[in-house]
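Novice: here is a sequence together with a model predicted from it:
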Amino acid sequence: MPDSQRIIEIEVLRYNPESDKEPHLEVYKVPFSDDMSVLQGAQYIKDHFDGSLTFRWSCRMAICGSCGMMINGIPKLSCETFLRDYFPNRIRIEAMANFPIEKDLVVDLSGFIEKLESIQPYIIPREPRSLDQGEYIQSPEQFNAYIQFTSCINCTLCYAACPQFGLNPDFIGPAAIALLHRYNMDSRDGAAAERMELVAAEEGVFNCSAVGYCSEVCPKHVDPANAVNINKTNAAKDYFLRFLSPKGGSK
Amino acid sequence: MEIFKADVVIVGGGGAGLRAAIAVAETDPSLKIALVSKVYPMRSHTVAAEGGAAGVKKPTDSYEYHFHDTVGGGDWLCEQDVVEYFVRQAPIELTQLEHWGCPWSRTADGHVNVRAFGGMKIERTWFAADKSGFHILHTLFQTSMKYPSIKRFDEHFCVDLLEDEGRCQGVVVIEMGTGEFSMIEARSVIIATGGAGRVFRESTLGGIVTGDGMALAYRHGVALRDMEFVQYHPTCMPVTGLLFTEACRGEGGILVNKDGYRYLQDYGLGPVSDKPKNKYMELGPRDRLSQAFYFEQQKGRTIEHPRLGSVVHLDLRHLGEAYLHERLPLIYEMAETFMGLDPAKDPIPIRPAVHYTMGGIKVDGNCAASLKGLYAIGECASVGIHGANRLGSNSLTELLVFGKVAGVDAARNAKSLAPGKSASLLKQAEATEQRLMALKTKTGGTEKIAVIRKEMAQSMEDGCGIYRMANTMQATCDKLSELRERFKNISIDDKSSVWNTDWLTAVELDYQLDVAQSMAHSAIRRKESRGAHQRLDGFELRDDVNYLKHSEAYYVAGDEPRIAYGDVKITTSQPAERVYGAAGEKADQERKGSHA
């Protein structure tokens, strides 16, 4: 197996809050084959060199969203990024940017989860339907209006990419806005108006400075930047409509 | 130790656990629900299911057809009364999921579409492209946020069940981020921790699929039923084991050997036809297809790849790029990213890998286990619908149907009981904490986790693979006993409290060894061939006289499991020859004729 003779140097940002003042880099020499992912490289280190290396992972096929990290400074899923593409250079892996580090490559995602919860990510029916009435009917046009925005795997790479989230951790951020948009665009749902309040609020879409890096790093082509843009327009329209017909005025 | 008082605690936040949580919340909003998951729920392995969920949809279909496909597919080891309930509830639950927003793929007129799947007589698999599990899981997770009575314990790892006065009354969990132990009291405990396929070497499964809940129930005296039945999925990526959904074949993909020959026709699945035909060829059941691969390999008709080993080809080229992007987008991406090939232009090298545990925690039709107050649902459970071989797309529906059943019954049970005695429960929880802290802090161990895990997985593949023989199964049983001993000398590098995955991986390995033993010992005692349990050492045939029985593995502390047998519930389908292809069609007609 000539492949397995090749050795790549993996530089890992290590941090154990119980013993380290600050994160620091450690280098490991990892034998690899062509089909080995960066995740497998990290697993090799944990299995052979240091069992305390800590990272999240599960499915290995880019659908569970667990294994995001900075790979040479770019937010990526480590399971679908391959060591061969970096060899013979050294590769550096670090915890996702813009999040507090809990340990090694594990970051604190509780803020992100709260944002998901805040946007009412469920159908609030426009017209309630009983189960014996069967499914809602959705034309291809209605289906296509939201389907792209259902593909988010909550990997949070877009947050690691977002400069505004880096500056203001309260910004609701790309994935949550994309999910909000997904429900607003679903013909079964009738709560867009409620969600729009969040869109236009202080932590909403107007934080975005339209860098578009979120969409660039999205491994599932959700295009959150597009969702944010559409909602900027919607929120602006909403604002002017409210201005034109103040509360209590005729509709 | 912190104490949380709930009414119902659910361990596992995948499809089954989330559906159960919603069912409890809808049954009685005043009940407090604790939902424990060792990952954020949307990471659970339901996420990786691709093909879809079965439920009668077309006017040409019937509950009776779905029932017969399932019972025959399970080689008559199903609980037929439970299957009858399952097939009737299936479309209701799948419609419920549609109402909750699941983006099922649709027909041009806006109705939910269905696709063909292996072993199913009529198209009845509801699908969301080839990310059905992903969409089911995210829909349930997001919908669960509607209910304030569901308190989530995300990234909490369950380490024990609490039992008092003959009832299960709670769990002990570790908060992974801090290493701190908590006790969650509850009058109903639902286990929904998924399968255990990672005890094998090459599997389609995520790293979290370690049989935790099975081992927990087993150690508390509950039987693990039918554990010898482990499903090999026939079309997986070599080396990694990643899954290429059965929908590849449902949509028209074919399997060919090194001569470009559709070899399935040699294994009772033919004849070949131009168009995919239900229950013929590539749309045969998984056990038969994986077994056919084994024989092709024996005959030297597989393709020998220098890096990938023995493979056959899954050929999707004739479906065309546009159709593949529409129906199988994830498969397309996986082939490109992980294998560097274009499925519209290249055939995909595949081989079978471990995919599903048919057996699990023995429960009745209400999902209740023998230990009062304990329920189990989903892949960790054996409620009886899969028998000796699961049909693809029955298990996603199972999560919904039985998640709801368990949730409703757990709510009823919780309301009927007074809270337990906290002091007695706390004493047990503290003993568990001490035992696990001792594991973490002990020094001088020399056995590496990764080494034991690797030896276990290799041994399971060698002894309990697609075909099995007494001598290799015995070697596996012996190996597992040896590993059980060596585990006592395990070394844990990480001594910290925060996010100690080294320690928790050791606890998982401990679970895995128990589950592996239940599988291997159930397997060696079943002296027949049925469904996914196939022998080559004189027991090549099904033996209904002696083995139309469920195996039940019971935990014996410090020793090998005790294996007992239980009856199979038969209602309307008497065991018959299990045939597919033209022979299957003939048998169907004869069955119809005899009913007429």
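Specialist: Done, it's in.
Novice: and for the closest residue to residue B:471 other than its chain neighbours, the neighbour number?
Specialist: In space, and not counting its chain neighbours, residue B:471 is closest to residue B:537: 7.7 Å by C-beta to C-beta, 6 or more residues apart in numbering or on different chains. From N, CA and C alone the C-beta is placed, and that goes for glycine too. By the measure other C-beta atoms under 10 Å in any protein chain shown, the count of residues near residue B:537 is 13.
Novice: what's the answer for the one 4 residues further on, then?
Specialist: When counting by other C-beta under 10 Å, one arrives at 10 neighbours for residue B:541.
Novice: pLDDT score assigned to the closest residue in space to it that isn't next to it in sequence?
Specialist: Distances taken as C-beta to C-beta, 6+ apart place residue B:529 nearest to residue B:541, at 6.2 Å, with adjacent residues excluded. Predicted confidence (pLDDT) at residue B:529: the value is 98.
Novice: again, but for residue B:168
Specialist: 98.
Novice: shouldn't it be in contact with residue B:189?
Specialist: Yes - counting by C-beta atoms under 8 Å, residue B:168 touches residue B:189, with 4.6 Å between them.
Novice: find the residues that touch each one of those two.
Specialist: Residues touching both residue B:168 and residue B:189 (C-beta atoms under 8 Å, 6 or more residues apart in numbering or on different chains): B:161, B:373, B:374.
Novice: contacting residues for the most centrally placed residue in chain A?
Specialist: Centrality entry for chain A: nearest residue to the mean C-alpha point is residue A:156, 2.3 Å, by C-alpha atoms, centre = their mean. Taking C-beta under 8 Å, 6+ apart, we find residue A:156 in contact with A:65, A:68, A:96, A:99, A:109, A:112, A:175.
Novice: one more time with 7 Å, if that's ok
Specialist: By C-beta atoms under 7 Å, 6 or more residues apart in numbering or on different chains, the contact list for residue A:156 reads A:68, A:96, A:109, A:112, A:175.
Novice: show me where the stretch 1-150 of chain A has its strands.
Specialist: Here the stretch 1-150 of chain A has its strands, by DSSP state E, counting those that start in this stretch, at A:7-14, A:24-31, A:68-71, A:74-77, A:91-94, A:101-103, A:106-107.
Novice: next, format those strands as JSON lines and append distance to chain B, mean neighbour count and mean pLDDT.
Specialist: Putting the strands of the stretch 1-150 of chain A into JSON lines (distance: least, C-beta to the nearest C-beta, whole Å; neighbours: other C-beta atoms under 10 Å in any protein chain shown; pLDDT from 0 to 100) gives the following:
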{"stretch": "strand A:7-14", "distance to chain B": "12", "mean neighbour count": "18", "mean pLDDT": "98"}
{"stretch": "strand A:24-31", "distance to chain B": "14", "mean neighbour count": "14", "mean pLDDT": "98"}
{"stretch": "strand A:68-71", "distance to chain B": "12", "mean neighbour count": "24", "mean pLDDT": "98"}
{"stretch": "strand A:74-77", "distance to chain B": "10", "mean neighbour count": "22", "mean pLDDT": "98"}
{"stretch": "strand A:91-94", "distance to chain B": "16", "mean neighbour count": "20", "mean pLDDT": "98"}
{"stretch": "strand A:101-103", "distance to chain B": "4", "mean neighbour count": "21", "mean pLDDT": "98"}
{"stretch": "strand A:106-107", "distance to chain B": "5", "mean neighbour count": "22", "mean pLDDT": "98"}
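Novice: these: which one's closest to residue B:311?
Specialist: Nearest of the strands of the stretch 1-150 of chain A to residue B:311, taken as C-beta to C-beta: strand A:24-31 at 24.4 Å.
Novice: what is the neighbour count of the nearest residue to residue B:54 once chain neighbours are set aside?
Specialist: Closest residue to residue B:54 apart from its sequence neighbours, by C-beta to C-beta, 6+ apart: residue B:393 at 4.1 Å. Neighbourhood size, residue B:393 [other C-beta under 10 Å]: 32.
Novice: again with the one 10 residues further on
Specialist: Applying other C-beta under 10 Å, we find 28 residues neighbouring residue B:403.
Novice: cool, residue A:111 as well?
Specialist: The local packing of residue A:111 (other C-beta under 10 Å) involves 16 other residues.
Novice: so what's it up against?
Specialist: So residue A:111 contacts residue A:169 (C-beta under 7 Å, 6+ apart).
Novice: distance of it from chain B?
Specialist: Distance, residue A:111 to chain B, by C-beta to the nearest C-beta, to the nearest Å: 13 Å.
Novice: same question for residue A:190.
Specialist: Counting by C-beta to the nearest C-beta - residue A:190 and chain B are separated by 12 Å.
Novice: quick one: pLDDT of the residue nearest to residue B:54?
Specialist: Listed pLDDT for residue B:393 reads 97.
Novice: for the residue nearest to the centre of chain A, grab phi and psi.
Specialist: In terms of degrees, to the nearest 10, the main-chain angles of residue A:156 are phi 70, psi 20.
Novice: that one and chain B, how far apart?
Specialist: 11 Å.
Novice: tell me, how many residues neighbour residue A:180?
Specialist: Residue A:180 has 28 neighbours, counted by other C-beta under 10 Å.
Novice: which residue packs closest to it, ignoring adjacent ones?
Specialist: Nearest residue to residue A:180, sequence neighbours excluded (C-beta to C-beta, 6+ apart): residue A:119, at 4.3 Å.
Novice: next up, the contacts around the one you found.
Specialist: Neighbour list for residue A:119: A:176, A:179, A:180, A:195, A:198 [criterion: C-beta under 7 Å, 6+ apart].
Novice: quick check: domain ranges of the chain?
Specialist: Since no chain was named, I'll use chain A. What automatic domain parsing lists as the domains of chain A is A:2-107, A:110-244.
Novice: if you could check chain B rather than the one you did, that'd help
Specialist: Domain assignment for chain B by automatic domain parsing gives B:234-355, B:429-567.
Novice: what's the most buried one of these?
Specialist: domain B:234-355 (a mean of 20; mean count of other C-beta atoms under 10 Å in any protein chain shown).
Novice: hmm, that one in reach of chain A?
Specialist: Yes - using C-beta under 7 Å from any C-beta of the partner chain, domain B:234-355 reaches chain A at B:239, B:240, B:242, B:334, B:337.
Novice: related to what we said a few turns ago, which one of residue B:168 and residue B:189 has more residues nearby?
Specialist: The residue with more neighbours, out of residue B:168 and residue B:189 and counting by other C-beta under 10 Å, is residue B:189; that gives 33 against 27.
Novice: for that one, list each beta-bridge partner.
Specialist: For residue B:189, the beta-bridge partners under DSSP bridges are residue B:9, residue B:374.
Novice: I figured it was touching residue B:9, is that so?
Specialist: Yes - contact criterion C-beta atoms under 7 Å: residue B:189 and residue B:9 qualify, at 5.3 Å.
Novice: what's the burial count for residue 207?
Specialist: Since you didn't name a chain, this refers to chain A. Neighbourhood size, residue A:207 [other C-beta under 10 Å]: 19.
Novice: please refer instead to chain B.
Specialist: Using other C-beta under 10 Å, residue B:207 has 20 neighbouring residues.
Novice: try the one 10 residues further on
Specialist: Close neighbours of residue B:217, defined as other C-beta under 10 Å, add up to 30.
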